[in-house]
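> Need the 3D shape of this:
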Amino acid sequence: MARALRCSFCGRSQDQAGRLVAGPDRVAICQGCIELAREVALPSARPATGDLVLTGISELVTNDPRSGSRLGVIEDAALAIRHGQVVWVGAGGDLPVRYGELPEMNCQGKAVIPGFVDPHTHLVFGGDRSDEFALRLQGATYLEVQAAGGGITSTVAATRAESPTDLLASAIERAGQMLEQGTTTIEIKSGYGLDLATEVASLEVGRQVGEALPVDVVTTFLGAHVVPPEFSDDRSAYIALLETMMPVVAASATYCDVFCDEGAFSVPEARRVLETGKRYGLRPRLHANQLGNTGGVELAIELEAVSADHLEHIDEQQAQALADSKVVAVLCPTASWSIRARQAPGKLLWDLGATVALATDCNPGTSYVVSMQLVMAVACLDMGLTLDQALWSATRGGALALEEMNKGRLRPGDFGDVLVLESDSYRHLAYRPDRNLVKTVVKQGDIVVGSLAPESDLA
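Alright, predicted model coming up:
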């Protein structure tokens, strides 16, 4: 029997893709990959050099407080990028003549901001949980759905059943959508395998996403997401298994994360997992206080975790403790919005001086969201952040949550990850939440999505 033809780029079969264009030697491409190539690869129409000058900028958000405010907004600005790094920022009239040799993009009075940095996603998964969304709208709670066999464990079953090729195809699709919406750096967690083979495969898929698309990917091992069904009667045996996984996954991950909350892992269990991860060079992160006040915040501070994420159930004393620490508070407003739960006290954290980041928490159960622009809007309208706070948290805050010190900001020495908006002001981002306002994405000086052509002067 002849082998079924599959897309040579994403691995989808003809049944899955709908249409395949076949070439010689069984090489084929699906319509989705054709569209992705058109949107991502073709717009620049020039070799990748990492060199670009952006002129005609109405508002340039630098996130450099040396420019007079936290957002460091410069009006009537220009920006020069050489070899992928910002080399000059300032008023357009002051642009040095020496940068005249670089390719130029005239932004024609549009606003420019740093690329979004999404520090919390579960991008690699199989299946979906739209049925659970419908159940929650009928009154079921997150924990009730989980107790009935849904929740994370249902995605574990679907993920284990999919091939790495199919997992990669769907993850690339979601990451491509994120890129189109302006996300230039993505954290990707494992956590829907909960066995060594699928966890390693998930981390490898995450790495391959960063090779397939012009986005930077940071990987996190989340084997301690929940206890899988086969270990439901012996939690300690699963903790021991996680410890044996660490030296293997340490080759593929930067961080180790634990879901420390009701229905997941206790503080002593989370401490054991994270301390084991630290011995293998995996920096700790923590899902903390999403479903209850269960001690996750205190553990994150104790272990000097890079971030404590969610934080819906914290009080003022805990918020102050976070502000006094170096732990970044990563907030996921669309997750709370989706499950109709209380929001984290974002305004309080900001008022107390905590470092705050925003994330999509993209996952199939509680936040099937790829747009950091939507996250910003919900943070403003439902969590109480100001627009300036939300934009900083979605860019510079996210970078700090991933220890990416040269991202989420635009000053000399930083990476040239830049978004040109369709509007003349960054204030339109949450003001118009129903559309993608990112017109052009520049990744380390190269145009990777969209362009301003033919109106712009792009040499």
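
> pretty sure Thr360 is in a strand, no?
No: per DSSP: H, G, I helix; E, B strand; the rest coil, Thr360 lies outside any strand segment and is coil.

> Which residue, other than its chain neighbours, is closest to it?
Counting by CB to CB, 6 or more residues apart in numbering, the nearest residue to Thr360 once its immediate chain neighbours are dropped is Val369, at 4.8 Å. To be clear about C-beta, it is placed using only N, CA and C from the backbone, and glycine gets the same treatment.

> wait, doesn't the one you found sit right on Ala377?
No: at 10.9 Å, Val369 does not count as touching Ala377 under the criterion of CB atoms under 8 Å.

> before we move on, the earlier item: next, the residue nearest to Thr360: secondary structure please.
With three-state DSSP as the criterion, Val369 reads coil.

> can you pull the contacts of it?
Counting by CB atoms under 8 Å, 6 or more residues apart in numbering, Val369 touches 334, 338, 360-362, 375.

> Please tell me which one of these counts the most neighbours.
The most crowded member of these, judged by other CB atoms under 10 Å, is Val375 (32 neighbours).

> Can you name the residues that contact it?
Taking CB under 8 Å, 6+ apart, one finds 332-334, 358-360, 369, 394 in contact with Val375.

> thinking again about what came up before, just the contacts of Val369: which has the poorest pLDDT?
For these, the weakest pLDDT value sits at Ser338, with 92.

> measure that residue to Asn363 for me?
Per CB to CB, to the nearest Å, Ser338 is found 10 Å from Asn363.

> what do you get for Gly384?
For Gly384, the distance to Asn363 - CB to CB - is 24 Å.

> Kindly report the same for Gly263.
Distance, Gly263 to Asn363, using CB to CB: 15 Å.

> The two: who's more crowded?
Asn363 (24 against 16).

> Which pLDDT value belongs to the more buried one?
With respect to pLDDT, Asn363 scores 97.

> Next: Leu348.
Leu348 carries a pLDDT score of 98 in this model.

> Report the buried residues of the helix or strand hosting it.
Assigned by DSSP states H and E, Leu348 belongs to helix 346-352. Neighbour counts over helix 346-352 (16 or more other CB atoms under 10 Å) mark 346-350, 352 as buried.

> Arg12 versus the residue nearest to Thr360, what's the distance?
Distance from Val369 to Arg12, by CB to CB: 23 Å.

> and what of Ala224?
According to CB to CB, Ala224 stands 32 Å off from Arg12.

> Show me the strands in the stretch 301-450 of the chain, by range?
307-310, 328-331, 356-358, 418-421, 438-443, 446-449 (DSSP state E, counting those that start in this stretch).

> Distance from the chain centre to the shortest one, please.
Remark: strand 356-358 is offset 11 Å from the chain centroid, using CA atoms, centre = their mean, to the nearest Å.

> strands paired with it, and their directions?
strand 328-331 (parallel) (DSSP bridges).

> do the same with the fifth one
If you go by DSSP bridges, strand 438-443 pairs up with strand 418-421 (antiparallel), strand 446-449 (antiparallel).

> and the first one, what's its mean pLDDT?
What that stands for is strand 418-421. Mean predicted confidence for strand 418-421 is 98.

> Ok, the last one next?
Rounded to a whole number, the mean pLDDT of strand 446-449 is 95.

> what about dumping the CA coordinates of it to PDB?
Provided in PDB are the C-alpha atoms of strand 446-449 (Å, rounded to 0.1, in the frame of the first residue of the first chain):
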ATOM      1  CA  ASP A 446      14.900  41.700  10.000                       C
ATOM      2  CA  ILE A 447      11.300  42.100   8.900                       C
ATOM      3  CA  VAL A 448       9.600  38.700   9.600                       C
ATOM      4  CA  VAL A 449       5.900  39.500   9.500                       C
END
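
> Report the buried residues of it.
With the criterion 16+ other CB under 10 Å, strand 446-449 contains buried residues 446-449.

> from those, which is closest to Asp216?
Nearest to Asp216, judged by CB to CB, of the buried residues of strand 446-449 is Val448 at 11.8 Å.

> pretty sure that closest one contacts Val420?
No: under the criterion of CB under 8 Å, Val448 is not in contact with Val420, lying 11.9 Å apart.

> which neighbours do those two share?
Val442.

> Val53 belongs to a helix, doesn't it?
No: counting by three-state DSSP, Val53 is not part of a helix but strand.

> From the centroid of the protein, which residue is nearest?
Asp118 (2.7 Å; CA atoms, centre = their mean).

> wait, it sits on Met178?
Yes: between Asp118 and Met178 there is a contact at 6.7 Å, judged by CB under 8 Å.

> shared neighbours of the two, anything?
With CB under 8 Å, 6+ apart, Asp118 and Met178 have common neighbours 186, 360, 362, 372.

> ok so, going back, switch the buried residues of helix 346-352 over to JSON lines; also include distance to Ile301.
JSON lines is the format used below for the buried residues of helix 346-352 (distance: CB to CB, whole Å):
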{"residue": "Gly346", "distance to Ile301": "19"}
{"residue": "Lys347", "distance to Ile301": "21"}
{"residue": "Leu348", "distance to Ile301": "17"}
{"residue": "Leu349", "distance to Ile301": "14"}
{"residue": "Trp350", "distance to Ile301": "18"}
{"residue": "Leu352", "distance to Ile301": "14"}
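
> ok, so of the shared contacts of Asp118 and Met178, who is nearest Glu404?
Ile186 (11.2 Å).

> where's Ala134 relative to Ala140, distance?
Counting by CB to CB, the gap from Ala134 to Ala140 is 9 Å.
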